[in-house]
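# Next input, structure requested:
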Amino acid sequence: MLEETLILTQIIFIDIILAADNAIIIGLIAANFVPKNRRQIILWGVAGALVFKIIFALFATYLFKFYFIKILGGLLLIWIVNDLRKDLFEIKKSKITKKKIK
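Next comes the predicted model:
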């Protein structure tokens, strides 16, 4: 139980640290409204984002109990890394080709 609470706390802490993108999006949305309503829009946006982050963190912690989810997540990460690797090699290859053409 203590280990699960620690994992949940870590997930929530990391999620809050990475919430800067939410703040930027909320600010961009609020900028389109009259100044009178901006403060309330920002407040509700931040509160909603925080509530959803906690709900998703709880759900992620629950899913980590299932080994097949961990395996599936690991396979997905391997696939993403391989895809990024291919993209990087293609970019490098195209730069080399452009240099040879010049």
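
# Stretch 55-71: end-to-end distance?
Distance across stretch 55-71, first residue to last, is 23 Å (Cα to Cα, to the nearest Å).

# Would you mark the buried spots in that stretch?
Ala57, Thr61 (16 or more other Cβ atoms under 10 Å). Placement of C-beta: from N, CA and C, glycine included.

# Other residues contacting it?
With Cβ atoms under 8 Å, 6 or more residues apart in numbering as the contact definition, stretch 55-71 has outside contacts at Glu4, Ile7, Leu8, Ile11, Ile12, Asp15.

# Just put the residues you listed in TSV and tack on pLDDT and distance to Leu50.
TSV is the format used below for those (pLDDT from 0 to 100; distance: Cβ to Cβ, whole Å):
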residue	pLDDT	distance to Leu50
Glu4	86	21
Ile7	85	19
Leu8	86	15
Ile11	81	14
Ile12	81	10
Asp15	73	9
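
# Only whichever of these are buried, select them in ChimeraX.
Of the contacts of stretch 55-71, the buried ones go into a single ChimeraX selection, burial set by 16+ other Cβ under 10 Å:
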select :8,11,12,15
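
# In helices, which of the contacts of stretch 55-71 appear?
Among the contacts of stretch 55-71, the ones falling in helices (DSSP state H) are Glu4, Ile7, Leu8, Ile11, Ile12, Asp15.

# Now render those as JSON lines, adding distance to Ile71.
Below are these laid out as JSON lines (distance: Cβ to Cβ, whole Å):
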{"residue": "Glu4", "distance to Ile71": "20"}
{"residue": "Ile7", "distance to Ile71": "18"}
{"residue": "Leu8", "distance to Ile71": "21"}
{"residue": "Ile11", "distance to Ile71": "19"}
{"residue": "Ile12", "distance to Ile71": "24"}
{"residue": "Asp15", "distance to Ile71": "23"}
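
# Look up how far Phe89 lies from the residue positioned nearest the centre of the chain.
Among the residues of the chain, the one closest to the centroid is Leu18, at 7.3 Å (Cα atoms, centre = their mean). Look at Leu18 and Phe89: by Cβ to Cβ, to the nearest Å, they are 29 Å apart.
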